[in-house]
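Asks: this one's structure only:
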């Protein structure tokens with residue numbers, strides 16, 4: 001009886017601790033959400049009145065609109081290129097052995113422990129020395145570099161402990177791709193190869209269709225990471241290429257009204273909606289090999 005009561009007490013304590021952590025994490029979001037409806041021109045909590053005018057300003061402010069479209073351009077290119085490169089690397093790492101493989105993995109993993117502002121500053125110095133412009137290609141390249149390390153991190157987790165479910169908070173391109181590859185029936189590929197199909201044709205007609213849900217899930221997470229990237233983007237973007245997070249940073253240096261709170265609410269709502277829709281129709285838990293019980 002005593003052991004049963006202790007187990008129940010531990011379970012209750014654990015649930016209360018988890019609830020307290022969730023409240024602590026979500027509390028700033030709740031404060032921002034409420035403050036976004038303030039009627040005053042100064043960010044104030046709790047609001048003295050209620051108004052929707054800051055939402056109207058958030059969607060009509062020119063810098064935000066330009067930053068949004070610039071962010072979409074960078075995100076579309078960066079996430080698509082990251083999926084293409086990441087899927088190729090996942091297949092190569094999983095199926096083949098080649099010289100300097102560990103060196104390549106180390107280079108791709110390096111942005112995990114190098115601060116993003118260091119990468120952004122380094123790219124800024126590099127393009128300055130080479131007299132290159134800070135256009136969209138530079139921003140896209142930077143975002144691809146920042147997304148790819150999460151791929152190899154998930155690969156290492158899968159290789160080190162295949163029995164455990166991957167529960168990483170920051171998913172990205174190759175996480176879902178590699179999980180799909182690990183669960184792929186290689187006998188189908190061997191059968192196609194034995195019938196005379198070339199390796200490239202096997203990959204394009206067998207492997208890629210089978211891991212398509214993983215590719216889409218990887219693209220979605222890469223897009224979210226890219227669209228929200230700020231630290232490195234601050235160094236390499238210009239007025240013409242600044243993304244929405246950079247535009248928000250520039251805005252907060254000049255104004256202290258609830259516009260950013262309103263924009264943050266839109267940001268969170270859209271991102272959460274996309275994830276809910278993707279999970280409903282794609283089943284992100286299955287794509288990422290995460291057990292619903294966890």
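Replies: That came in fine, so what should we check first? Fair warning: this is a prediction, and the values are worked out from it, not measured in the lab.
Asks: rest of the way, CA atoms for contacts and neighbours
Replies: Fine.
Asks: residue nearest the centroid of this protein?
Replies: Centroid-nearest residue in the chain, with C-alpha atoms, centre = their mean: residue 225, separated by 2.9 Å.
Asks: so where's this protein uncertain?
Replies: Filtered on pLDDT under 70, the chain yields the residue ranges 1-3, 94-95, 150-215, 217, 281-294.
Asks: now the residue nearest to the centre of the chain: closest residue in space, sequence neighbours ignored.
Replies: residue 147 (7.2 Å; C-alpha to C-alpha, 6 or more residues apart in numbering).
Asks: same question for residue 116.
Replies: Residue 116's closest residue in space is residue 232 (C-alpha to C-alpha, 6+ apart), at 5.1 Å.
Asks: can you count the residues close to that neighbour?
Replies: 23 (other C-alpha atoms under 10 Å).
Asks: could you do the one 3 residues further on as well?
Replies: Counted by other C-alpha under 10 Å, the residues lying close to residue 235 total 22.
Asks: circling back: state the distance from the residue nearest to residue 116 to residue 138.
Replies: 11 Å (C-alpha to C-alpha, to the nearest Å).
Asks: now swap in residue 98 and tell me
Replies: 30 Å.
Asks: compare neighbour counts for those two and give me the winner.
Replies: Taking other C-alpha under 10 Å, residue 98 and residue 138 do not tie; residue 138 has more neighbours (19 against 8).
Asks: in contact with that one, which residues?
Replies: By C-alpha atoms under 8 Å, 6 or more residues apart in numbering, residue 138 lies in contact with residue 236.
Asks: ditto for the one 5 residues further on
Replies: The neighbours of residue 143, taking C-alpha under 8 Å, 6+ apart as the test, are 78, 226, 229.
Asks: could you dump these into CSV with distance to residue 125 added?
Replies: Formatted as CSV, the contacts of residue 143 follow (distance: C-alpha to C-alpha, whole Å):
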residue, distance to residue 125
78, 21
226, 22
229, 19
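Asks: about what we covered before: the residue nearest to residue 225 reaches residue 82, doesn't it?
Replies: Yes. Counting by C-alpha atoms under 8 Å, residue 82 is a contact partner of residue 147 at 7.0 Å.
Asks: which strands or helices does the strand or helix carrying residue 276 pack on?
Replies: Assigned by DSSP states H and E, residue 276 belongs to helix 259-282. Where contact means 3 or more C-alpha pairs under 8 Å, 6 or more residues apart in numbering; DSSP states H and E, helix 259-282 is packed against helix 2-35, helix 53-60.
Asks: among the ones you listed, which is the most enclosed?
Replies: Most buried of the helices and strands packed on helix 259-282, by mean neighbour count (mean count of other C-alpha atoms under 10 Å): helix 53-60, with a mean of 17.
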